[in-house]
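K.L.:
I would like to see how this sequence folds:
(chains A, B and C)
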Amino acid sequence: MVNLEEIKKEAKKILEEGKVKYIIGYAKSSNALMAAPTFVKKPEDIDKLIWDPTCFQNLVKFLIDEKRKKAREKEPDTRPIGIFVKGCDSRAINVLLQEKFITREDVYIMGLSCEDVGVLDKKKIFKKLKGEKPEKIEFDQRKNIVISTKEKTIKIPLKEILAERCLECTSSFPVISDVFWGDRNNRSPKEPFKCLEQIESLSQEEKWDFWQQQLSKCIRCYACRSVCPMCYCDECVVDSINLAITADTTAEEKAQKIKWIEKSPESSENFGYHLVRAMHLAGRCIDCSECERVCPVDIPIRFLNKKLEKVTKELFDYKAGLDPEQPSLVSSFKDEDPEDFIR
Amino acid sequence: MKKRTGVFVCHCGINIAGTVDVKNVAEELMKHSNVAHSEDYVYMCSDPGQKLIENSIKEHSLDSVVIACCSPNLHETTFRNCAKAAGINEFQCEIANIREQCSWVHKDKLKATEKAKKITHSTVERVVKNKSLEPISIPVTRRGLVIGGGIAGIQAALDMANSGYEVVLVEKSPSIGGHMIQLSETFPTLDCSQCILTPKMVEVSKHPKIKLLTYSEVQEITGYVGNFKAKILKKPTYVDPTKCTLCDECIDVCPIVVPNEFDLGLTGRKAIYIPFPQAIPATFTLDIANCPGLLPIACGKCMDVCEPEAINYDMKPEIIEEEIGSIVLATGYDLYDKENMKEYGYGKYADVLDGLQFERLLSASGPTMGEVLRPSDHKVPKEVVFIQCVGSRDPELHCAYCSKICCMYTAKHAMLYKHHVPDGQAYIFYIDIRSGGKDYEEFVQRAKEEDGLVYLRGKVSKIFEENGKITVWGADTLAGKDIEINADMVVLATAMRPAKGAEEFAKKLKISLDKDGFLSEAHPKLKPVESVTSGLFFAGAAQAPKDIPEAVAQASGAASKAIIILSQDQLFHSPMVAKVSLNLCTGCGMCVDVCPYDSLSLKDNKAEVNEVLCEGCGTCSATCLRAAIEVKNITPVQIYEMIDASVGG
Amino acid sequence: MAEEFEPKIIAFLCKWCSSAGSDLAGVSRMKYPPNVVPITVMCSGSVSPLYIFNAFQKGADGVLVSGCHPGDCHYIQGNFYARRRIALVKELIEYIGLEPQRFKMSWVSAAEGKKYTQIIQEFVQELKPLGPQKKLRREK
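P.N.:
Below is the predicted model of the structure:
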């Protein structure tokens, strides 16, 4: 069992020793169902830290901001950043290491096992509350959640309101860490890709109708991209901001800078954006589902990424983020890669 | 500034104009905002056609041209030179292929014309975004490397050395000579193989320009055309060739006997040995794998008896590094593995031999001093069955290809057998007789008529030993009957395979192989000795099964190609290479992973291109998630515009 | 009578094998329908998924990517990377409900003019009943 006091003790120690620049962790927020990211810089602030199923955010995204900030500083503080990671988040760190975006010395990884639980899906709880606002929540034996609203108090078994990804999670503990709390029991869900079955069983036209309906909702706010720890490009290929312009770029070329996808949220462009994003996340997406969580129009983005995760596993026996030393999915191949689809 | 592109549509007589309305294509392209001039002409590649292009470039101040004509594989160079002559950069000229990919494959004139317009339009879009590029110049190390010391390697090395260039010749076994030195007599003239090869071997050993490294293996080749670096492992022979007097004393005392490779196991040799009397270099080699041991010295007898003190147990493997400008690869062949031919009793019955073993039996210097005797009981075989296409032309179970030389050498074997055993009978099972080549057909006819060989068209179904005889069951499909022969000996014309280890070697050198494992040439017709890696050439059976005259001819061809490189002060490399947008690169290194030429590396967390190594394949560009790397003059922006034009309205 | 639907195909052909193979089809005067417009690239490994999506967005009814047979790549292994990448694209576009027949990959060597011809013939036949590709097409 993860003991919060032990976590705080370690956090305090490394801050006092000056071992880390600061610690990115979770704290209570004004929203009872959602922990907020917090940056602990002083040992006396460690009591803010919490660890419970409301800690669903993937904090790894903040490492990207940190890297950018550091690049701008003249004399940057080169100490590592302490960061709390769950199993999924730790795989994101591995991908960043694999892609040399960060180095191992940049981070002090504080691993938290989700053990037999996981994190909440806010949307599932809202459904259960039927519009009532939660005031206070408690966890009972890590089996149930007890939610109090103005009118009533209800008790819901955790497994009913856990995030889908947690129910399908195969490694609920960090695969890379400097300190670690909790157990390292591998979970083996019988059907790790069960969620895809419903779409996969549709006819081709039904598939199209489903995605057409979902993706036409997209307003191209790019929240999915902003929250994604893998979307760290300085310039997204679908949304050129002309960083590529150099001294020998002519004015005409600048004007004609390639636009693979138009900015307008039309069906063809929305498809273009989401297909390209899915391709770019193949072998990199670690299924933290942050993209789907932040989507303001409830597009089931996870089903796109999860599909490629499944294909990648089945065709190439590749899983993202397990080892920072493994080559990237698309920059490697095996002689025996399938080719039955090739004429 | 807007480009001023010229479009020139070729009729190619009626080859294009018969199916494509060329005037209409020219008119249509004139509407393009970047096209300043457009016209059609009957033969653009003719002298007046080229003049027309040159004049138009000057007259209309064109800065780029598209020639809509035949495949760029044919006249791209012609038209680029023509553009250059008119004063514009050669990379501002592109070819729209409207013949092979349009007029020749379609019938409907209207539709073919529409397609020709799209192809030409797409090419205009490309050229409009082409940059003027200058070929990248690179210096040349004027020395050659030949890998493999068989007849092909020997010939290539001699040709290069006789042209005045230093050559390093590397051979993995203790002597040069390859398989040819094992042969008895050669078809169709029946001159003795050793008699014609040994003078060339001696010439190699005495040539002041040739550095011979035997018992050595190339471990690594880095660099690029004109500037290769080879790492060569010289294995210790434990015998100093300058001291060894070839007295044979060591052989007499050596207690270890192992199968002799030179006689393909028909005889034995000692652990210290000379492969054959005319070996070059003429020295002994201590085969450490079979020696009882040097560390500590387990036997030491050879050293004890060696009067000139040529034996040195302290000899160590040596890594030799050589800088060279061009390479000829002549790694040769081996026969198809015994393991694969169990159905013919090969490897099971002593009197079932392969072609090379039979060559040794026929050879005057062979184990029987040229007498044809059965290995099992040293009796003269009175009935011999020769089987062709063993492992060749058998796509289901073995090799799909024809090993090419077996028809001829089987005829020779049978003929020579008859010369040795005039009262013997030779049967030959064959599928077809392929005797293309100067005097080859006459040779086969002579064998049939003068030596009374019995040719049986058909396959052998079973071979087994019975009462000291080898029974061969087969069919004569011409006579339509089953055949049973109680033979004294069977000789299999086994398939030729790339030399053992050639595959790993090719992988290490990043040379592509064909489906059968032979070296894959750059063009099956027009570049038969060139590999796809520039500066690397092929000779001999490593590229495909071939006989001696062909191997020699190809070796001279490869040598002349290698000399073309060595004779230049500097070389030019295509400037269509990868270019990194440093602002976009995040330094993830995926491009570095996929580059087949190691032309990419990370420097200060950004990808960096070594332009002389880059071949412009663009795999990096498709792999990069940030669109931070592209190949000059075939950039994603250009493809984007080309897709637009190709889809059309 | 309405004119028969003529699908538009964009073919990304490797310069060294498939483009040369289609040249051979021409030299041998084989015949195939004029629905395909080739774009010759240096290697099938250089075909970015962006090119494929873009062709569909611009209204291509079918897209073909054709490279060298495994082990036969002019650039040693570019086609192996292509094989992996294209497998992902293929799975993805089927998953979102685009007709799988609209996207093809093939290995065509410089000697396989006949195979190239057959592939185009088949491709056109398969695309005709599907009608125009509107799903990913950009409104003009």
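
K.L.:
contacts and neighbour counts: CA atoms only from here.
P.N.:
Will do.

K.L.:
Where does residue C:85 sit: helix, strand or coil?
P.N.:
helix (DSSP: H, G, I helix; E, B strand; the rest coil).

K.L.:
Wait, residue B:370 touches residue B:361, no?
P.N.:
Yes: using Cα atoms under 8 Å, residue B:370 is in contact with residue B:361, at 5.9 Å.

K.L.:
Tell me which of the two has more neighbours.
P.N.:
residue B:361 (26 against 16; other Cα atoms under 10 Å in any protein chain shown).

K.L.:
tell me the contacts of residue B:565?
P.N.:
With contact taken as Cα atoms under 8 Å, 6 or more residues apart in numbering or on different chains, residue B:565 is in contact with B:140, B:226, B:325-326, B:535, B:571.

K.L.:
what's the neighbour count on residue A:205?
P.N.:
Count around residue A:205 with other Cα under 10 Å applied: 13.

K.L.:
Distance check, it against residue C:8.
P.N.:
Noted for residue A:205: a distance of 21 Å to residue C:8, by Cα to Cα, to the nearest Å.

K.L.:
what does residue B:318 give?
P.N.:
62 Å.

K.L.:
which residue packs closest to the residue most central in space within chain A, ignoring adjacent ones?
P.N.:
In chain A, the centroid-proximal residue (Cα atoms, centre = their mean) is residue A:288; its distance is 3.3 Å. Spatial nearest neighbour of residue A:288, chain neighbours left out: residue A:88 (5.7 Å); criterion: Cα to Cα, 6 or more residues apart in numbering or on different chains.

K.L.:
correct me, but the one you found touches residue A:170?
P.N.:
No: using Cα under 8 Å, residue A:88 is not in contact with residue A:170; the gap is 9.6 Å.

K.L.:
between those two, which one's more packed in?
P.N.:
A direct count of neighbours by other Cα under 10 Å for residue A:88 and residue A:170 places residue A:88 higher, at 27 against 17.

K.L.:
Pull the contacting residues for that one.
P.N.:
Contact analysis of residue A:88 by Cα under 8 Å, 6+ apart lists A:171-174, A:286-288.

K.L.:
Check whether stretch B:642-649 comes near chain A.
P.N.:
No: for stretch B:642-649, no contact with chain A is found by Cα under 8 Å from any Cα of the partner chain; the gap never falls below 11.6 Å.

K.L.:
buried ones in that stretch?
P.N.:
Of all the residues in stretch B:642-649, those buried under the rule 16 or more other Cα atoms under 10 Å in any protein chain shown are B:642-648.

K.L.:
Give me the subset of those lying in helices.
P.N.:
B:642-647 (DSSP state H).

K.L.:
which of the residues you listed are close to chain C?
P.N.:
Within those, those near chain C by Cα under 8 Å from any Cα are B:642-644, B:646-647.

K.L.:
Could you save these as CSV and add columns showing distance to residue A:115 and pLDDT?
P.N.:
Shown next, in CSV, are these (distance: Cα to Cα, whole Å; pLDDT from 0 to 100):
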residue, distance to residue A:115, pLDDT
B:642, 54, 97
B:643, 51, 97
B:644, 53, 95
B:646, 56, 97
B:647, 54, 95
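
K.L.:
Counting neighbours, what do you get for residue A:223?
P.N.:
If we define neighbours as other Cα under 10 Å, then residue A:223 has 16 of them.
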